[in-house]
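**Student:** Here's my sequence, what's the structure:
(2 chains)
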Amino acid sequence: MTDKHSSSRHPRLLPAAALLSLLAACSRTTEPTVTPPSTAPIRVFAAASLTASFQAIAAAYEQQHPGQKVELHFAGSPQLALQLCEGAAADVFAAADQPNMQKVVDGGVTAAAPVEFARNELAIAVRAGNPKGVRGLGDLARAELKVVLCAPDVPAGKYARQALAAQQLTVRSVSDESSVKAVVGKVQLGEVDAGVVYATDTKVDGVEGVAIPSAQNVVASYPIAVLARGGNRAGGEALVAFVRSEAGRALLRQHGFVSP
Amino acid sequence: MIGRGPIARTGLATVALLAALLFALPLLGLLVRTPWGELPALLQQPAVLRAVGLSLVSSGSALLLAIGFGLPLAVWLASGHSPLRTVVRIVVTLPIVLPPITAGIALLLAFGRNGLVGAWLDRWFGIGLPFTTFATVVAAAYMGMPFFVLSVEAGLRAFDRRYLDVASTLGASPLRRFLTVTLPMVLPSLRTGALLCWARGLGEYCATQMFAGNLDGTTRTMPLACGMAMESEPNVAIALSVILVAVSVGVLFVLRHGFPGQERR
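**Tutor:** Predicted coordinates:
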């Protein structure tokens, strides 16, 4: 319990922290008291496409480990890799592709070898109701459609280009976005007609996913690693184990991921 | 004053030094990591040159828009006092303090394909602003023009109107009075406003990315190229940053000391 207070350095946050710890106390009256293993929060850097699934995983983990806080930080994998190599402190890194994880490994930031924990497939995000009648990758080459992709350095952008090249399709992206979330946002607003993202990203309001057949699809492999420079190595290891456990896999599958 | 005793003076100097370090250290960090030897080669990459060219076109066009539309606006704002002017001034000044991302979202919701105005542009003329070079100009003008308007308005308000009365008694028409009396006398504030407007437009990042998108050769201006490069080729990002720092230092120097060789006013 005391960790909640020590983590709130800002005096104005004290009432909120006190309230939180009160709520936490209420929710686990039936459980036996256990001493929290570590006081520092587990800080996780995760690819933008993991946003919803990792929020669920963090909530489940926090419930299993009372007193342990999980801090999530989401962005495009290249940006996270750069921040980590430039000294950002985190305990866990979950990337959307191998090359960005490799940058972090090469930067000497990882504490253990990365392991694949999830797979994802590409899908076409269109506005709810699919007003432009997009049926597959071939439609993206239609001249009247505004299409966005992620930038080629962003895993989703790289995979999308691989999939399109395999079908010998030339698609002009009107903007190379820095993350899948930015692509989905532009589709949601109706500024573009379609965007290639992960199947998991299309499960949001106002957006519909058009599936890409397996034969034409590219499977994205998501690696996860415990990092050396964070403030809670043991917590990081426990969280990675949880992500790879059956409970973690089930949560990932609920959000559209495929278990490796 | 607080700086009376030696202790107070040392204390003041220490705190002042800390404050100055906050600004000096990031600059130093950038300069130390700059690959000076590779700089020319890095900056001559086609994608970098396209970004520099696009930035010059975008910020330059935004400045022209600011002069063409902002000057009349400043003249009107300076020509009296009314609640309407107060409201307009607040709306025009807003982008200076607005978080740029908010500005980008607002621009998108106004001029985007489903935006307030953009929907009609799309329906009637088939014009879509987002993802075009013109959108980068609009974003740069939206963020930069307030500096121009405010600066020129302040200049006009400080201007002694009796000169105009004299010119009028000499038979000068209103247009001639404006061009030959008012304009030369407010030139310093016009120059300050133009420089600030251009520099702000050149540095525009967030609103551009949100409203105009990010495509090499079309909407990827220097700051956007810098942000992209930071994730793949940090040295290119550092090289572009050095240019932007140099330009900014130049702008500040000219603001304070005038163009080299120019007499100080």
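
**Student:** counting contacts, what elements does the strand or helix carrying B:R191 pack onto?
**Tutor:** In this structure, B:R191 sits in helix B:183-203 according to DSSP states H and E. Where contact means 3 or more CB pairs under 8 Å, 6 or more residues apart in numbering or on different chains; DSSP states H and E, helix B:183-203 is packed against helix B:46-65, helix B:133-158, helix B:234-257. Every residue, glycine included, has its C-beta placed from N, CA and C.

**Student:** So which bits of the second one are buried?
**Tutor:** Buried residues in helix B:133-158, counted by 16 or more other CB atoms under 10 Å in any protein chain shown: B:133-156.

**Student:** Same question for the last one.
**Tutor:** Within helix B:234-257, the residues that count as buried by 16+ other CB under 10 Å are B:235-244, B:247, B:251, B:254.

**Student:** Now render those as a markdown table, adding distance to A:K146 and pLDDT.
**Tutor:** Formatted as a markdown table, these follow (distance: CB to CB, whole Å; pLDDT from 0 to 100):
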| residue | distance to A:K146 | pLDDT |
| --- | --- | --- |
| B:N235 | 33 | 91 |
| B:V236 | 28 | 92 |
| B:A237 | 28 | 93 |
| B:I238 | 33 | 94 |
| B:A239 | 32 | 94 |
| B:L240 | 28 | 94 |
| B:S241 | 31 | 95 |
| B:V242 | 35 | 95 |
| B:I243 | 32 | 93 |
| B:L244 | 30 | 94 |
| B:V247 | 33 | 93 |
| B:V251 | 36 | 92 |
| B:V254 | 41 | 90 |
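
**Student:** Between those, which sits nearest chain A?
**Tutor:** Nearest to chain A out of the buried residues of helix B:234-257 is B:A237 (CB to the nearest CB; 9.6 Å).

**Student:** From A:A112, how far out is the closest one?
**Tutor:** 30 Å (CB to CB, to the nearest Å).

**Student:** what angle sits between the host helix or strand of B:P223 and helix B:46-65?
**Tutor:** Assigned by DSSP H and E, B:P223 falls within helix B:222-232. Orientation check (axes from the mean of the first three to the mean of the last three CA atoms, to 10 degrees): helix B:222-232 against helix B:46-65 gives 150 degrees.

**Student:** what does helix B:222-232 contact?
**Tutor:** Contacts of helix B:222-232 with the rest of the structure, by CB atoms under 8 Å, 6 or more residues apart in numbering or on different chains, involve A:76, A:78-79, A:81-82, A:151, A:153, A:176, A:178, B:47-48, B:51-52, B:54-55, B:202-205, B:208-209, B:214, B:216, B:220, B:236-237, B:240-241, B:243-244.

**Student:** Now do it against helix B:133-158: the angle between them, please.
**Tutor:** Going by the same axes, to 10 degrees, helix B:222-232 makes 130 degrees with helix B:133-158.

**Student:** tell me the angle of helix B:222-232 relative to helix B:183-203?
**Tutor:** Using the same axes, to 10 degrees: helix B:222-232 against helix B:183-203 is 20 degrees.

**Student:** Show me which positions of helix B:222-232 end up buried.
**Tutor:** B:222-231.

**Student:** Quickly name whichever of the residues you listed is closest to B:V87.
**Tutor:** Closest approach between the buried residues of helix B:222-232 and B:V87, by CB to CB: B:P223, at 31.5 Å.

**Student:** Which residues of the stretch 101-250 of chain A lie near chain B?
**Tutor:** A:146, A:148, A:151, A:153, A:173-178, A:186, A:189-192 (CB under 8 Å from any CB of the partner chain).

**Student:** if we go to 7 Å?
**Tutor:** Proximity of the stretch 101-250 of chain A to chain B (CB under 7 Å from any CB of the partner chain) is limited to residues A:151, A:153, A:173-177, A:189-191.

**Student:** what's the most distant pair in those residues?
**Tutor:** Farthest pair in these, by CB to CB: A:D153 and A:G190, 26.7 Å.

**Student:** Out of the helices and strands packed on helix B:183-203, the one nearest A:I57 is which?
**Tutor:** For A:I57, the closest of the helices and strands packed on helix B:183-203 is helix B:234-257, at 31.2 Å, according to CB to CB.

**Student:** Which elements pack onto the closest one?
**Tutor:** Contact analysis of helix B:234-257 by 3 or more CB pairs under 7 Å, 6 or more residues apart in numbering or on different chains; DSSP states H and E lists helix B:6-33, helix B:39-43, helix B:183-203, helix B:222-232 as its packing neighbours.

**Student:** What is the shortest one packed up against?
**Tutor:** Where contact means 3+ CB pairs under 7 Å, 6+ apart, helix B:39-43 is packed against helix B:234-257.
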